[in-house]
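Asker: Generate coordinates for the sequence data below:
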Amino acid sequence: MREIIKKYIKAIVIVVSVLMLINMISLELVLDFLTQTQNITVDKFINGIEIKDNVCIVNEYVDEYCDKNFKWYMVLNENGEILYSNDLPDELNKTYTVSDIASASKWYLSGYSVDIIQIPNGLTILGNDGELYWKKNLKISKNTMLACIITAIINNIIITVLLSLLFAKKIITKIKKITDGIMSLSNGEQVILEESGDLKDISKALNIVSKNIDMQKKKIQENEKIKKDWMSGITHDVRTPLAVIIGKCEELKELDSNKIVNMKIKTIQNQSFKIKYLIDDLSLLNNLDINNIIIKKERTKLDQIIRECVADIMNMYDDNDYTIQLESNAKSDELYMEADEHLLKRAFTNILLNSLVHNEYKCFINIVIEKQEEEIKIVFVDDGIGVDTKELIVLNNREGNNSSLHGWGTIVVKKIIELHNGKVEFEKAKKGMKVCILLPLR
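Answerer: Numbering: from 1, shown residues only. Next up, the predicted model:
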């Protein structure tokens, strides 16, 4: 802002100074021209008046010139007597002394502004109305005149600077309002600027943009609300029949001892568990997106949470084809941290389920817990079918929901770990897939 004001003032000062210099040069040229013209007129005027034997003869040029430029005039001889006059006021004297003439040459004659021109054998006094013409006798040295000119230039520059500051302040104030409006727009805030002055077009445009953005934002919020409400409703509606299917599968297993039938019932039950966890993930993800979950962080033992997750998974998948192993380089008492136990348990369960779901026939999962200086590292590695490079890029970089191979469950994992100020990375293992989690101890 200051740089704009400085440049603005500097430009105006330069322009005004140049204009003053041009005006002074022009004035000097005009005065020289007028002086030369006046000298020609005076010579012609003097030649038009002749005094001989105390008699004055005036030609037509003098009468015409005086009628056009003066209210009255008179011609005096060397003794101060009037030899000739035209429209002479009654209140004026008929004879004049040397003192009267000397006084009139500097000031006024009976209230009239006068010019005195010397002619051969006499004088001519030309008069005008004193109220219309101002006469002042001025005597000034060259040094004083130069000082006056410099002072005038300095004063004009000071006045120009002050006026520039006043004008610039007004402009800068409007520009600041516009820049503040742009910053507010960038922060997602609504902007309403006054549409007046030189910058009203910009203010009007910003108001229109702000209004359009606000309308789009409201429309997006309405669509998001509809989507969230729909998701909440559908997950709620699916849970009830799903719970009935899982329960009936348990009853059928107890009623029928046929291994083939029980295997089919087990398959139905496992697929029902997958749907149940998918619905739970959708519901949890929906609540996380709308900040509808209160995080309750308490002193929690990480290895104990993971053991509980492993136990729950093995109870669901009691097939001998799945094996889960847990290793740790630290004592259990050293693995405490402030966390929401329910959410962390959900994240770890999703990682384990992800390995089992995508490796239906056989899978070994190794879990390693490492205590570092300021954080805990948890690594899940399976020996399943793994994941390709493109899928890893999606898993590690996506921000929104994704319906790809490793879908909602991995998104929930990332959101929960981030809520605990941690990091999660999906990698390729030698054979299967590797998930690395870093959680801060404090």
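
Asker: And the average pLDDT for stretch 204-222 is what?
Answerer: If you average the pLDDT over stretch 204-222, you get 80.

Asker: where in the stretch 301-442 of the chain is pLDDT low?
Answerer: Within the stretch 301-442 of the chain, the segments meeting pLDDT under 70 span 317-321, 332, 361, 398-408, 442.

Asker: Could I get the full set of strands for it?
Answerer: Using DSSP state E, counting those that start in this stretch, the strands of the stretch 301-442 of the chain run over 322-328, 336-339, 363-371, 375-382, 423-428, 433-440.

Asker: Nearest to Thr124, out of those strands?
Answerer: For Thr124, the closest of these is strand 423-428, at 107.8 Å, according to C-beta to C-beta. Quick note: C-beta positions are derived from backbone N, CA and C, even for glycine.

Asker: What helices and strands are in contact with that closest one?
Answerer: helix 389-397, helix 408-419, strand 433-440 (3 or more C-beta pairs under 8 Å, 6 or more residues apart in numbering; DSSP states H and E).

Asker: Can you pull the domain assignment for this structure?
Answerer: By the assignment in automatic domain parsing, the chain contains the domains 212-293, 296-440.

Asker: how about CSV for the helices and strands packed on strand 423-428, with distance to Ile182 added?
Answerer: Formatted as CSV, these follow (distance: least, C-beta to C-beta, whole Å):
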stretch, distance to Ile182
helix 389-397, 30
helix 408-419, 31
strand 433-440, 38
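
Asker: now the ones you listed as TSV including distance to Val114 and mean neighbour count?
Answerer: Listed next are the helices and strands packed on strand 423-428 as TSV, based on distance: least, C-beta to C-beta, whole Å; neighbours: other C-beta atoms under 10 Å:
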stretch	distance to Val114	mean neighbour count
helix 389-397	98	14
helix 408-419	99	20
strand 433-440	103	20
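
Asker: Number of residues surrounding Ile119?
Answerer: Ile119: 18 surrounding residues under other C-beta atoms under 10 Å.

Asker: So what sits opposite it in the bridge?
Answerer: Gly122 (DSSP bridges).

Asker: Asp43 is in contact with that one, correct?
Answerer: No - at 11.0 Å, Ile119 does not count as touching Asp43 under the criterion of C-beta atoms under 8 Å.

Asker: Quick check: Ile295 is in a strand.
Answerer: No - going by DSSP: H, G, I helix; E, B strand; the rest coil, the assignment for Ile295 is coil, not a strand.

Asker: pLDDT score assigned to it?
Answerer: 75.

Asker: wait, it sits on Leu343?
Answerer: Yes - counting by C-beta under 8 Å, Ile295 sits close enough to Leu343 to count as a contact (7.0 Å).

Asker: quick one: common contacting residues for those two?
Answerer: Leu419 (C-beta atoms under 8 Å, 6 or more residues apart in numbering).

Asker: The two: which is more packed in?
Answerer: Taking neighbours as other C-beta under 10 Å, Ile295 and Leu343 compare with Leu343 leading, 21 against 11.

Asker: Please tell me how far the closest residue in space to that one that isn't next to it in sequence sits from Leu109.
Answerer: Distances taken as C-beta to C-beta, 6 or more residues apart in numbering put Ile416 closest to Leu343, at 4.8 Å, once the chain neighbours are dropped. As for Ile416, its distance to Leu109 is 108 Å (criterion: C-beta to C-beta, to the nearest Å).

Asker: beta partners for Leu439?
Answerer: Ile376.

Asker: I figured it was touching Glu375, is that so?
Answerer: Yes - in this structure, Leu439 is within contact of Glu375 by C-beta under 8 Å, at 6.1 Å.

Asker: Which residues are in contact with each of the two?
Answerer: Common neighbours of Leu439 and Glu375, using C-beta under 8 Å, 6+ apart, are Gly422.

Asker: Figure out which of the helices and strands packed on strand 423-428 is closest to Val55.
Answerer: Set against Val55 and scored by C-beta to C-beta, the helices and strands packed on strand 423-428 come closest in helix 389-397, at 118.1 Å.

Asker: Now do the closest one and strand 423-428, the angle between them.
Answerer: Here helix 389-397 runs at an angle of 180 degrees relative to strand 423-428 (axes from the mean of the first three to the mean of the last three C-alpha atoms, to 10 degrees).

Asker: elements contacting helix 389-397?
Answerer: Checking 3+ C-beta pairs under 8 Å, 6+ apart, helix 389-397 ends up next to strand 423-428.

Asker: Please point out which parts of the strand it packs on sit buried.
Answerer: Val424, Phe426 (16 or more other C-beta atoms under 10 Å).

Asker: Over to stretch 44-56?
Answerer: Within stretch 44-56, the residues that count as buried by 16+ other C-beta under 10 Å are Phe45, Gly48, Ile49, Ile51, Cys56.

Asker: Identify, from those residues, the entry nearest to Leu392.
Answerer: Closest to Leu392, out of all of the buried residues of stretch 44-56 and judged by C-beta to C-beta, is Phe45, at 108.0 Å.

Asker: wait, Ala339 sits on Lys297?
Answerer: Yes - in this structure Ala339 lies within contact range of Lys297 using C-beta under 8 Å: 5.7 Å.

Asker: Need the residues touching each of these two.
Answerer: Overlap of the contact sets of Ala339 and Lys297 (by C-beta under 8 Å, 6+ apart) consists of His420.

Asker: and the two? which has more neighbours close in?
Answerer: The neighbour comparison of Ala339 against Lys297 (other C-beta under 10 Å) goes to Ala339, with 25 against 14.

Asker: and the more buried one, bridged to which residues?
Answerer: Applying DSSP bridges, one finds that Ala339 bridges with Glu298.

Asker: gap between it and Ile305?
Answerer: Note on Ala339: its distance to Ile305, by C-beta to C-beta, is 8 Å.

Asker: looking at the chain, which residue ends up farthest from its center?
Answerer: Centroid-distance maximum for the chain: Asp53 at 92.0 Å, with C-alpha atoms, centre = their mean.

Asker: ok, now how distant is it from Leu83?
Answerer: Using C-beta to C-beta, Asp53 is found at 11 Å from Leu83.
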